[in-house]
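**Q** Just to be clear, the model below is a prediction. Sequence and coordinates:
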Amino acid sequence: MHVDPLEKIWIGVIILLTAVMLGSIFYTAFAGSVHPPSNVEVIDSTALHLTDEFAEDNLGVRENPDGSVTVTMVATRYGFHPQHVEVPARTPVTFRFATPDVLHGLHIPTTNVDTMVVPGYVSEVNTELQSTGTFPMYCNEYCGVGHHSMWSRVTIVPKQG
């Protein structure tokens, strides 16, 4: 069977492009610590405000006995609650999100925090934020007419002592 030399070149290009794409996926998964969420925790979205963890008075940043930090937030149409959180740099941080209404996305630029917030589930992201400064946190899943105004802020401050 005869294969034209130009077809052989294109077959090689396709194999090379496929290898580069698969290599970039594996690189981001292993070297960049980007993994799919593994925490599957079910919650009643209709009674979210009645739970101990996601009640309005319990939202925000909480320091754990081991020195790590837990940030509990609620994503609703069209905002995040609380609107601003402050976490220490170079400290293990667990972000826990829930939503009472529709599907939302959550992204903090220049970090590895990027997840979906699905009604009926608690979304959890574990990370350690390195650089200090104030960064936007925004919804990256279209959630309705006011989607463009759904944002919050995360301030990463130097670690104390």
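**A** Perfect, I can see it now.

**Q** Is the closest residue to Glu56 other than its chain neighbours in a helix, a strand, or coil?
**A** Closest residue in space to Glu56, ignoring its immediate chain neighbours: His49 at 6.6 Å, by Cβ to Cβ, 6 or more residues apart in numbering. Where C-beta positions appear, they are placed from N, C-alpha and C, glycine not excepted. Following DSSP: H, G, I helix; E, B strand; the rest coil, His49 is assigned to helix.

**Q** contacting residues for His49?
**A** His49 makes contact with 55-56, 100, according to Cβ atoms under 8 Å, 6 or more residues apart in numbering.

**Q** right, and Ala89 touches Pro158 too?
**A** Yes. At 5.8 Å, Ala89 counts as touching Pro158 under the criterion of Cβ atoms under 8 Å.

**Q** Pick out whichever of those two has more residues nearby.
**A** Using other Cβ atoms under 10 Å, the more surrounded residue of Ala89 and Pro158 is Ala89, with 15 against 8.

**Q** out of the contacts of His49, who has the most neighbours?
**A** Result: Pro100 is most packed of the contacts of His49 (other Cβ under 10 Å), 18 neighbours.

**Q** mind checking pLDDT for it?
**A** Per-residue confidence (pLDDT) for Pro100: 92.

**Q** which residue packs closest to it, ignoring adjacent ones?
**A** Leu48 (4.5 Å).

**Q** List just the nearest of the contacts of His49 to His2.
**A** Pro100 (64.7 Å; Cβ to Cβ).

**Q** mind pulling up the phi and psi values for the closest one?
**A** The phi/psi pair for Pro100 (degrees, to the nearest 10) reads phi -90, psi -10.

**Q** What of Val118?
**A** phi -100, psi 130.

**Q** I'd like to know how many residues surround the residue nearest to it when sequence neighbours are not counted.
**A** Once flanking residues are discounted, Val118 sits nearest to Leu103: 5.9 Å by Cβ to Cβ, 6+ apart. By the criterion of other Cβ under 10 Å, Leu103 has 14 neighbours.
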